[in-house]
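1. no sequence on this one, just coordinates:
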């Protein structure tokens with residue numbers, strides 16, 4: 001409720017809320033959610049295996065009908081892996097920071113990120129790289145086709161909606 005109360009204060013973009021598949025089944029959550037979820041991204045954590053894919057797909061369909069976008073958080077880090085991407089059909093694939101760290105100097109990481117980008121293009125999704133800490137990594141990710149990014153190289157977190165660093169230029 002507290003996070004959703006701030007969404008009208010955002011200058012542009014989306015408010016992301018992390019939820020596990022188990023949390024999506026909680027009645028308290030559904031009572032707290034407003035009818036209009038436009039501008040909200042529900043991030044499903046990859047660290048919990050999806051046990052009932054059909055039920056989860058129906059739940060995600062309800063969220064989408066109310067205007068929410070669906071993201072898979074920490075893709076490439078958990079044990080649920082690629083199967084979860086095919087079950088959830090996310091609008092956004094958020095790549096784990098472990099895959100992003102020092103990507104500018106690691107051909108294997110670049111190749112894997114390229115695979116996620118290709119998958120996203122084929123499934124009408126976007127890719128967000130988490131933990132972008134250097135401009136070198138940011139430039140490589142932009143070249144590869146990563147749509148969104150977050151990390152200190154872009155902006156520092158803060159209580160107010162921080163503006164991107166004006167010194168960052170691609």
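-> Perfect, thanks for sending it. Since the model is a prediction, treat every value here as computed from it, not as a measurement. Numbering: from 1, shown residues only.

2. Off-centre distance for the longest helix seen in the chain?
-> When the chain is parsed with DSSP state H, its longest helix is helix 107-122. Distance of helix 107-122 from its chain centroid, counting by CA atoms, centre = their mean, to the nearest Å, is 15 Å.

3. And the next helix or strand past it?
-> strand 126-129 (DSSP states H and E).

4. all strands for this structure, in order.
-> Counting by DSSP state E, the chain has strands at residues 15-19, 40-45, 69-75, 92-95, 126-129, 148-149.

5. neighbouring contacts of the fourth one?
-> By that I understand strand 92-95. Applying CB atoms under 8 Å, 6 or more residues apart in numbering, the contact partners of strand 92-95 are 41, 43, 69-76, 85, 113, 116, 119-120, 125-130, 146, 148. In short, each C-beta sits where N, CA and C put it, glycine included.

6. before we move on, back to that, tell me which of the strands of the chain approaches residue 63 most closely.
-> strand 40-45 (5.6 Å; CB to CB).

7. Helices of this protein, start to end?
-> Here the chain has its helices, by DSSP H, at 2-5, 27-32, 53-65, 81-88, 97-100, 107-122, 135-144.

8. Throw these into a markdown table and include mean pLDDT and mean neighbour count, thanks.
-> Output for the helices of the chain, formatted as a markdown table (pLDDT from 0 to 100; neighbours: other CB atoms under 10 Å):
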| stretch | mean pLDDT | mean neighbour count |
| --- | --- | --- |
| helix 2-5 | 76 | 11 |
| helix 27-32 | 89 | 10 |
| helix 53-65 | 88 | 14 |
| helix 81-88 | 77 | 16 |
| helix 97-100 | 93 | 19 |
| helix 107-122 | 96 | 15 |
| helix 135-144 | 96 | 18 |
